[in-house]
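Student: coords below, sequence missing:
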């Protein structure tokens with residue numbers, strides 16, 4: 001399963017993770033940095049890194065295509081079980 005997300009949507013999705021909330025509870029000083037871009041909290045730093053890598057991987061001399069969104073994929077398994 002995959003979906004293309006804009007940068008804001010990616011950040012919003014990452015901020016729904018319960019593991020992020022647990023991390024911020026353990027590191028309140030990091031949570032206070034939210035919205036600071038490269039110097040922000042852990043989500044801000046991650047999104048900034050992904051954007052950097054995306055920009056670096058584009059062809060030199062050409063505008064990076066699709067840099068306004070990123071494709072996110074989730075592994076999906078469907079189990080079908082038949083009752084006896």
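Tutor: Looks like it came in fine. Computed from a predicted model, the values in this text were never measured in an experiment.

Student: Surely residue 76 and residue 2 touch.
Tutor: No. With contact defined as Cβ atoms under 8 Å, residue 76 does not reach residue 2; the gap is 9.4 Å. To be clear about C-beta, it is placed using only N, CA and C from the backbone, and glycine gets the same treatment.

Student: Quick one: low-confidence residue ranges for this structure.
Tutor: 59-66 (pLDDT under 70).

Student: re the thing from before, tell me, what's touching residue 76 and residue 2 both at once?
Tutor: Common neighbours of residue 76 and residue 2 are not found (criterion: Cβ atoms under 8 Å, 6 or more residues apart in numbering).

Student: Point me to the helix or strand that includes residue 12.
Tutor: helix 7-14 (DSSP states H and E).

Student: Could you list the buried residues of that helix?
Tutor: Buried residues in helix 7-14, counting neighbours by 16 or more other Cβ atoms under 10 Å, are found at 7, 10-11, 14.

Student: I'd like these written out as a markdown table, with distance to residue 58 added.
Tutor: Shown next, in a markdown table, are the buried residues of helix 7-14 (distance: Cβ to Cβ, whole Å):
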| residue | distance to residue 58 |
| --- | --- |
| 7 | 15 |
| 10 | 18 |
| 11 | 21 |
| 14 | 23 |
